[in-house]
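In: Can you look at this prediction? I've put the sequence above it.
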Amino acid sequence: MKHLVAPSLLAADFTRLAEEINMINDSQADWLHLDVMDGQFVPNISFGMSIIKQVNKICAKPLDVHLMIERPEQYIESFRDAGADIITVHYEACNHLHRVIHQIKSTGAKAGVALNPHTSVQLLEDVLEDIDMVLIMSVNPGFGGQKFIYNTIPKVRRLKDMITVKNVDVRIEIDGGVGLHNAESILQAGADVLVAGSSVFKADQPVEAIERLKAIGGEPTKFA
Ligand code: DX5
Ligand code: ZN
C-alpha cells in the first residue's frame, strides 16, 4: 500500500489557521495530525478538544489525534466527539493500556499507541492485534522542529517484523524530524505514515512539499 502523509498542525501559522487547513484540503495530504500536549506528560502545552472541534468543521481530511497527555482515558470520548478519527495514546502514559485501547475502539475511532524513543517495540507484543497503528516517536515528544533520532530506523524494522510474523493489520507511523532528507530510508524500513510538521508548514511551497513526500518510492508527479 502507498504510504500516507500526515502534516502536523503544530507547525502551522495559527494566525492563518483556516488558510492552513484549506491548504491541507487542497493538497495530497492523507490525514491532518493534531498534537495535544498537557504540560505534564511533555514539557509543553499546545491545544485541546475545543480547537480540534473548530478544525474539524473545515478540515476535509481525517483527523489523526496524538495525545501527549497523562490520564488519556479521561478524555477519549471528548476527543472523539470533537472529530478525532484516529486517537493515539502513549504507552508511557497508560497503566492499563489494553483497557484504553478498547475504550478508544468503542467510540468508533481507530486506536494507536505511541512509543517514546527509549521505549522498546517489544512491549507492544501482547496488544499488537488489538490496535490499528503504532506511532514511533523519532524525537522526544513536546516540540516541533527537532532533529530526527536515527536509531528509529532499526526500531521500525523490528516492529515491521513483529507485524509480519503476527500477520496483523497495523500501520506504522513516524513522528518527529521527518522530511525529504530521511523519508525514503524511513519508508524502506517499513513505515506506512509520515508525520511532517516543519518540513511541510515551514516550506516555501507546502503543497509541493506534501507532494514530494507522497511521490517517494514511485508514482512520480511533476515535482518528483
Ligand atoms: C512532537 C510532535 C510532532 C511534531 C512534529 O512532539 O508529536 O507531531 O509536530 O514536528 P516536526 O515534523 O517539525 O518534527
Ligand atoms: Zn505528533
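Out: Nice, thanks for sending it over. All values derive from a computational prediction rather than experimental measurement. Ligands and ions are numbered 1, 2, ... in the order given.

In: Give me the neighbour count for the residue of the chain found nearest ligand 2.
Out: Going by CB to the ion, ligand 2 is nearest to His66 of the chain, at 3.7 Å. C-betas here are computed from N, CA, C, even on glycine. By other CB atoms under 10 Å, 28 other residues sit near His66.

In: and if you look at Arg171?
Out: Arg171: 19 neighbours (other CB under 10 Å).

In: And Tyr91, by the same measure?
Out: Count around Tyr91 with other CB under 10 Å applied: 18.

In: Wait, it touches Thr119, no?
Out: Yes. Between Tyr91 and Thr119 a contact is recorded at 5.7 Å, counting by CB atoms under 8 Å.

In: returning to what we had before: pretty sure the residue of the chain closest to ligand 2 sits in a helix.
Out: No. Applying DSSP: H, G, I helix; E, B strand; the rest coil, one finds His66 to be strand, outside a helix.

In: so what's Gly176 closest to, chain neighbours aside?
Out: Val139 (3.2 Å; CB to CB, 6 or more residues apart in numbering).

In: again, but for Gly108
Out: Per CB to CB, 6+ apart, closest to Gly108 is Arg80, 7.0 Å.

In: In three-state terms, how would the one you found be classified?
Out: Arg80 - assigned by three-state DSSP - is helix.

In: and it, how many neighbours?
Out: 19.

In: Show the contacting residues for it.
Out: Contact partners of Arg80, counting by CB atoms under 8 Å, 6 or more residues apart in numbering, are 87, 104, 107-109.

In: Just the buried residues of the residues you listed.
Out: 87, 104, 109 (16 or more other CB atoms under 10 Å).

In: Out of the residues you listed, which sit inside helices?
Out: Ile104 (DSSP state H).

In: The buried ones among the contacts of Arg80: which ones sit near ligand 1?
Out: Subset of the buried ones among the contacts of Arg80 in contact with ligand 1: empty, counting by CB under 6 Å from any ligand atom.

In: would you turn the buried ones among the contacts of Arg80 into a markdown table with pLDDT and distance to Asp161?
Out: Listed next are those as a markdown table, based on pLDDT from 0 to 100; distance: CB to CB, whole Å:
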| residue | pLDDT | distance to Asp161 |
| --- | --- | --- |
| Ile87 | 99 | 26 |
| Ile104 | 99 | 25 |
| Ala109 | 99 | 27 |
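
In: picking up where we left off before, now for the contacts of Arg80, which pair is the farthest apart?
Out: Ile87 and Gly108 (10.2 Å; CB to CB).

In: At the contact with ligand 1, which residues of the chain appear?
Out: 8, 10-11, 33, 35, 66, 139, 141-146, 175-178, 195-199.

In: Make a ChimeraX selection of the buried ones in those residues.
Out: The following ChimeraX line selects those of the residues of the chain next to ligand 1 that are buried, judged by 16+ other CB under 10 Å:
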select :8,10,11,33,35,66,139,141,142,143,144,175,176,177,178,195,196,197,198,199
